[in-house]
Each structure stands twice: as structure tokens, then as C-alpha cells.
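*Asks:* Provided below are the primary sequence and the corresponding predicted coordinates.
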Amino acid sequence: MSHPYLDLDSRSFWKSAVSEVGPLGLTDLWRPGFRINKTHKIVTAGSCFAQNISSRLVKAGYTWLNTEPGPAFAQEDVKKKYNYGVFSFRTGNIYTAKMLRQWVSFAFGVDEPRIPPIVHNGRYFDPYRQQICPEGFATEEELLASREETFDAIRNAFTQADIFFFTLGLTEAWIDRETKQEYSSCPGVVCGEFDPDRVKFINHEFTSIVADFKAAMKIINENRQSNISVLLTVSPVPLTATASKSHVLVAVTRSKSTLRAAADQIVRGNRRIDYYPSYEVITSPVSRAIHYSSNLRNISPEGVNNVLSYFFTAIKRFDKKSASPTETTAKHASEDEDDIDENDDVVCEEVILNAFAK
């Protein structure tokens, strides 16, 4: 007898690659599509989970680009409060591919912001990053000036960077009916009031996610000398709440499945774009939910550590081109990196929705 399965190695079979080794014994989980070393300049953006990546890159000695670090005189906790140093630029969380497309379109002059500022208690909030300044801005002019600084930071980041690490987070979003542009979160949750005549719920579909991401990359690459390398991942953090009318568990499955399929389509046939399986590490049946905190939503520090241990092990092996693919497990890999600090704070707009749970 002869068939294609006879010559496959152990990583191709569930029994030998997953069930027999357990959640901390997985090996050869990911083979990088391109080299990532400590001299490469890396830009990070995306959902709440992506914040773990930027902080861990810095701890491990990699070159993370922070093009909007904030005032030099400010204390680090104050900078964090005002969303400096969370991502490579001060956009706050970028949950969707459409939101990414908006930001790079604004920064590189392809489009312009057309949703007016949200006025709340006499203060001005940016509809594209409502939580960036917790108390809001004193004037509209101050808001617009701050936004221009972020546009400049985005341009600097993408023209300098070698690698863009982006985490897809959500499919559910809220758009302005008139401009068709997307809010960072539903108006009325963080600030302002919800107006159904102005604001519309949208649940992004596979084709629009792929199209928006590719359009964003086209804008970025048109403003560079060579195409940037991209590492995509999907956030394993479930939705805090859904506006889809489905049960939240069903909505989460729909959202994450769509994002995972879109990521696969984006990567397919493009040697400059790769996918890292953080979503799979956390949500796989073999993990038995051990990587989640007690609320079954937040990823525990140990879970983050496990995800990124696979990442650092793989890129070091790829860079050195020496170690055998199966000789180091994630458990062992974590020993030569700093553990995730349990006090590391993640700034997440979406989690505010918890306050409205009945």
C-alpha cells in the first residue's frame, strides 16, 4: 500500500503532535516565514492581546519601534494612562482591519477624518480613539493637534520598520452612517450618547476584512522603498459582549473563525506575510482552558508566557539555523526569557462593556 500519509512526520498527526504531549509539550508548532532578529525594527498594533507582544519584545531585547513615546518629563504610569507606549503609535487598540485601513489612510493622506469630535461634559473626545485621553481634550483644536502628532508617528513607524506585527481582534464594530467611517467603540459606552440615526452596527465579513487589510498594506508599501514584512495573529481573547443578537458564545465563535479564515487568505501566496498561531495555542482542546483566567476571557500571565515562548524559540532557531525542530518545548523555552509580570496592565476599551452586564 502507498499513500501520502505514510511519509508524514509526527507533527502532522493529532495523537503524536498534540494529545500525547499535552499543552506544555507542543513542539515545532510554527516555522517562521522570514527571519526576525534583534536588529529588525518592529511595529506593533492591534487588539488588547497585542499589547503583550510589544512589552515582551522589549523585555527580550528586540527592537520595538515606539514613535510616539510621550513627553520626556512624564512618569511612566502617567504615560500609560494617556496611552503612550502601549503600541508603536498612540491610536489605542485597533480592533478591526477597517480601523487599520482608516488610520493609515488618514496618516498618508489617502482619506481624511470626517466624524466630528464627541462632546461630553464640555470635553472633546476623538471618535477614532475615544479612550486615548481619559478626561478628553479641553478644545477641539487640542484634539486635532494631538491627532496630527499620531499621524506623524504612524508615518515614521511604517517608513522605518522592517516588520509589522498586527493582531486581528474583532469583527463587530460601529460605523457612522453618514461618513461610513468606523468608531473605536460604540458611542455612549466610553463617552457621548448613542444616536441610532447616526451610528450603525456592523459585523465585518470575510471578504471585507481581507480587502481592508490588503488596502492598508498597499498604502503602507506605496510609501516605502520596499514592502514591509508582516506577522499576523488572531487574538484569543473572547468578546466582552456582542451586539449581534446571538448568544455571546456563538458570536465569539463566528468572529474568531472569520478572522482566522481571513488571516489564512491574507497570508496565502504572499512570502512577505506570515501567521503566528497564538489563537491556536490558547484555544486548542489540548489546553483545557488552562491559559485563561477565572473569568474564562482574560489570558493568564502563564498563558501569555506560553504563547510567546513558542514565538521566541522559533525565531531564534530560524535565525541560527541550528537546533532541531523538535528538541525544545515551550516549557523549556520559557526558562531563558523573563516571565510575564502578573502586574502588566493591558489597556482595553472593549472590556468597559462588562459594566453593562445584567
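*Replies:* Yep, it's here. Numbers count the residues shown, from 1 in each chain.
*Asks:* Going by secondary structure, residue 42 is in what exactly?
*Replies:* Using DSSP states H and E, residue 42 sits within strand 41-46.
*Asks:* can you give me the mean pLDDT across that strand?
*Replies:* The average pLDDT within strand 41-46 is 95.
*Asks:* how about the next helix or strand after it as CSV, C-alpha atoms only?
*Replies:* Proceeding N to C from strand 41-46, the next assigned helix or strand is helix 50-59, under DSSP H and E. Only the C-alpha atoms of helix 50-59 are listed here, as CSV (Å, rounded to 0.1, in the frame of the first residue of the first chain):
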residue,chain,number,x,y,z
ALA,A,50,-1.2,42.6,21.0
GLN,A,51,-0.1,44.8,23.9
ASN,A,52,1.5,41.7,25.5
ILE,A,53,3.6,41.3,22.4
SER,A,54,5.2,44.8,22.4
SER,A,55,6.1,44.7,26.1
ARG,A,56,7.6,41.2,25.7
LEU,A,57,9.7,42.2,22.7
VAL,A,58,11.3,45.0,24.7
LYS,A,59,12.0,42.6,27.7
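*Asks:* Adjacent strands (with direction) for the next helix or strand after helix 50-59?
*Replies:* Counting by DSSP H and E, the next helix or strand C-terminal to helix 50-59 is strand 63-64. Paired with strand 63-64 in the same sheet, following DSSP bridges, are strand 41-46 (parallel).
*Asks:* Name the surrounding residues that touch the partner strand.
*Replies:* For strand 41-46, the external contacting residues (Cβ atoms under 8 Å, 6 or more residues apart in numbering) are 36, 50, 53-54, 57, 62-65, 87-89, 91, 93-95, 100, 157-158, 160-169, 233, 235. (Each C-beta comes from the backbone N, C-alpha and C, glycine too.)
*Asks:* likewise stretch 100-109?
*Replies:* Residues from elsewhere that reach stretch 100-109, judged by Cβ under 8 Å, 6+ apart: 45, 91, 94, 110-113, 128, 150-152, 154-155, 158, 166, 181-182, 212-213, 215-216, 219-220, 222-223.
*Asks:* In PyMOL, select just the buried ones from these.
*Replies:* To isolate the buried ones among the contacts of stretch 100-109 in PyMOL, judged by 16 or more other Cβ atoms under 10 Å, type:
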select buried, resi 45+91+94+110+111+113+128+150+151+154+155+158+166+181+182+212+213+215+216+219+220
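*Asks:* Please narrow the contacts of stretch 100-109 to those residing in helices.
*Replies:* Counted as lying in helices by DSSP state H, out of the contacts of stretch 100-109, are 150-152, 154-155, 158, 212-213, 215-216, 219-220, 222.
*Asks:* Show me which of the residues you listed is closest to residue 275.
*Replies:* The shortest approach to residue 275 among the ones in helices among the contacts of stretch 100-109 belongs to residue 213, at 12.2 Å (Cβ to Cβ).
*Asks:* Narrow the contacts of strand 41-46 to those that are buried.
*Replies:* Buried subset of the contacts of strand 41-46 (neighbour count, 16+ other Cβ under 10 Å): 36, 50, 53-54, 57, 62, 64-65, 87-89, 91, 93-95, 100, 157-158, 161-169, 233, 235.
*Asks:* how long is stretch 9-26 end to end?
*Replies:* End-to-end distance for stretch 9-26: 14 Å, by Cα to Cα, to the nearest Å.
*Asks:* Off-centre distance for it?
*Replies:* On the basis of Cα atoms, centre = their mean, to the nearest Å, stretch 9-26 is displaced by 27 Å from the centre of the chain it belongs to.
*Asks:* neighbours around residue 176, how many?
*Replies:* By other Cβ atoms under 10 Å, 18 other residues sit near residue 176.
*Asks:* Just the pLDDT for it.
*Replies:* pLDDT recorded at residue 176 is 98.
*Asks:* Surely it touches residue 183?
*Replies:* Yes - in this structure, residue 176 is within contact of residue 183 by Cβ atoms under 8 Å, at 6.8 Å.
*Asks:* Need the residues touching each of these two.
*Replies:* Joint contacts of residue 176 and residue 183 (Cβ under 8 Å, 6+ apart) are 115, 127, 199.
*Asks:* Tell me the predicted confidence for the second one.
*Replies:* In other words, residue 127. We have a pLDDT of 98 for residue 127.
*Asks:* Cool, thanks, signing off.
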